[in-house]
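Participant: output the structure for:
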Amino acid sequence: MAMKRFVLLLSILMIITSVSAIAQAKPVTLTFWCGSAYYNSDEAKKPQSEWAITKIVKQFEALNPGVTVDVTPIEVSSETIAKFKAAAIAKNGPDVIELWTGSYLFPLKDILVPLNKYISAEDRKNISGWDAVTYNFEKNGDILAYPIGNNYAGLVYNKALIKAAGMDWDKNPPKTSEDFRTALKKIKETGVVPFGFDGSKGRILHYATIYWWVEESGYERLVTNANGTTKYEDDKGFINLMTYMRSLYEDGLTNADAATSVDYDSKFSTGKYAVTVGGVNNAKAFEAALGPENFGFLPFPSMSARPKVKASIIGGAGNCVAIGNYSKNRDLAVKFVSFLSSKASFIALTKSVTTFPARTDVTLDDLGWTNDPFRQKIFELSKNFAFWVDNSIPAYQYDEMKRFFPNILTGRLSPQDFAKQMDKLVQDKK
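Facilitator: Numbering: from 1, shown residues only. Down below sits the predicted model:
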């Protein structure tokens, strides 16, 4: 009798266990809006099933039976962020979304999950860039996202055109901004456009030359200008940056159509420009066009004799991946984001997407870059970089800079008058 009761009890337990297992295996779908940190224009030409991120997602699904990740490719933009805000209010947005860091991320605080209590000790230790996703850059503030692939930028050049002008920047690069001007004049004598870029896109600012403002003024001054404690009008570094870029244009050392140009990359790739702005994200395309032997990277020559920031490269974790606070699968979403940020995932993505891994435990050897001079140089320089200015100040102020930079470049607006315009903008927003 006792044996029968035992068998009956065991059967009941097995049934309960089976029902529990079925309940746990209930299908779950995570929605993921992913941008350029997870796929690029080259991959976009292929079926999505061949993308590196798709393969990583499949690995996560295999490790988590019953879980499906619905991946929607996006372009991270102001329009996408507005769409995300609307979806968040309706509580039907993505569980996980790629966003920009810093000043673009912080205004979204109320619709994101603070991740402080979810992040593992291993992730905290081995992933870099946490300050870029911590609310208002506060030391112990809410962590709003995981930092993802890093991009770094400076000046890139065509070695053959530099050599034709009698210089070798590998061995003797220009050290100061005036050395750079002298070098550009030598290039001009050969009949090639020395320094070509798209001023109309504002790319020249956040990709490169705005570093000279950070170098001379320092980050504290950027913040105080932005909040109105100090003035742009009195900021020597800000004025000097604008004045210098205008002087290059006036001296004929840039492309004549810099204010309206939209094709700097193709012109550089076809040998029409000797120098342009660029970095990790477009390096592969430039190398393929020029050949590795002719593609060079130039750290920023110094503009200030007494720089407050001395890094020679600009960049860092400009993108991040966050979780909507309306998500019904918060724990699973965190697990997914951590998986995307794992060492293995970063290595796979970096080989495909061209950004640098936001991890301190990934080596050049892991990435197969030990024989790549460009990436070796960036890898070393990335240990000391100036963070993206457009992610550091309010978006409306940086948008103003992008909008009016062509006018400053061509002399329709003086640097001093534009600085006053920026100060008025700050006061009007208060």
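Participant: in the protein, which residue is most central in space?
Facilitator: G318 (3.0 Å; C-alpha atoms, centre = their mean).
Participant: residues contacting that residue?
Facilitator: G318 makes contacts with 100-102, 132, 150-151, 388, 391, as judged by C-beta atoms under 8 Å, 6 or more residues apart in numbering. For glycine as for every other residue, the C-beta is placed from the backbone atoms N, C-alpha and C.
Participant: repeat that for D423.
Facilitator: D423 touches 228, 231-233, counting by C-beta under 8 Å, 6+ apart.
Participant: now V275
Facilitator: V275 makes contacts with 155-158, 184, 187, 194-196, 298, as judged by C-beta under 8 Å, 6+ apart.
Participant: give me that answer again for 7 Å
Facilitator: 155, 157, 194-195 (C-beta atoms under 7 Å, 6 or more residues apart in numbering).
Participant: what helix or strand is it on?
Facilitator: Per DSSP states H and E, V275 falls inside strand 273-279.
Participant: right, and the helix or strand after that strand?
Facilitator: helix 280-290.
Participant: pLDDT value on the nearest residue to the residue nearest to the centre of the chain once chain neighbours are set aside, please?
Facilitator: Closest residue in space to G318, ignoring its immediate chain neighbours: W388 at 5.1 Å, by C-beta to C-beta, 6 or more residues apart in numbering. The predicted local distance difference test score for W388 is 91.
Participant: near W388, how many other residues are there?
Facilitator: Counted with other C-beta atoms under 10 Å, residues neighbouring W388 total 28.
Participant: numbering from 454 from now on, please.
Facilitator: Shifting the count to begin at 454 puts that one at W841.
Participant: list the contacts for it?
Facilitator: Here W841 is in contact with 659, 767-769, 771 (C-beta under 7 Å, 6+ apart).
Participant: drop anything exposed from those residues.
Facilitator: 659, 767-769, 771 (16 or more other C-beta atoms under 10 Å).
Participant: can you lay out the residues you listed as CSV showing distance to N579 and pLDDT?
Facilitator: Formatted as CSV, the buried ones among the contacts of W841 follow (distance: C-beta to C-beta, whole Å; pLDDT from 0 to 100):
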residue, distance to N579, pLDDT
H659, 28, 61
I767, 24, 91
G768, 19, 91
G769, 16, 91
G771, 19, 91
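Participant: out of the residues you listed, which two sit at the greatest distance?
Facilitator: The largest separation in these, counting by C-beta to C-beta, is between H659 and G769 at 12.0 Å.
Participant: quick check: F590 vs P859, distance?
Facilitator: 30 Å (C-beta to C-beta, to the nearest Å).
Participant: the two: who's more crowded?
Facilitator: Taking other C-beta under 10 Å, F590 and P859 do not tie; P859 has more neighbours (21 against 16).
Participant: what ranges does the stretch 454-603 of the chain have for its helices?
Facilitator: Ranges of helices in the stretch 454-603 of the chain, per DSSP state H, counting those that start in this stretch, are 455-477, 494-497, 505-516, 531-542, 574-579.
Participant: mean pLDDT lowest where, among the ones you listed?
Facilitator: Looking at the helices of the stretch 454-603 of the chain, the weakest mean confidence is helix 455-477, a mean of 46.
Participant: neighbours of G649, just the number please.
Facilitator: Around G649 there are 25 other residues, counting by other C-beta under 10 Å.
Participant: bridged to the spatially closest residue to it that is not a sequence neighbour, which residues?
Facilitator: Spatial nearest neighbour of G649, chain neighbours left out: Y726 (3.2 Å); criterion: C-beta to C-beta, 6+ apart. Applying DSSP bridges to Y726 yields these beta-bridge partners: V646.
Participant: give me the neighbour count for F799.
Facilitator: F799 has 25 neighbours, counted by other C-beta under 10 Å.
Participant: and the nearest residue to it once chain neighbours are set aside, what's its pLDDT?
Facilitator: Once flanking residues are discounted, F799 sits nearest to P810: 4.0 Å by C-beta to C-beta, 6+ apart. P810 carries a pLDDT value of 73.
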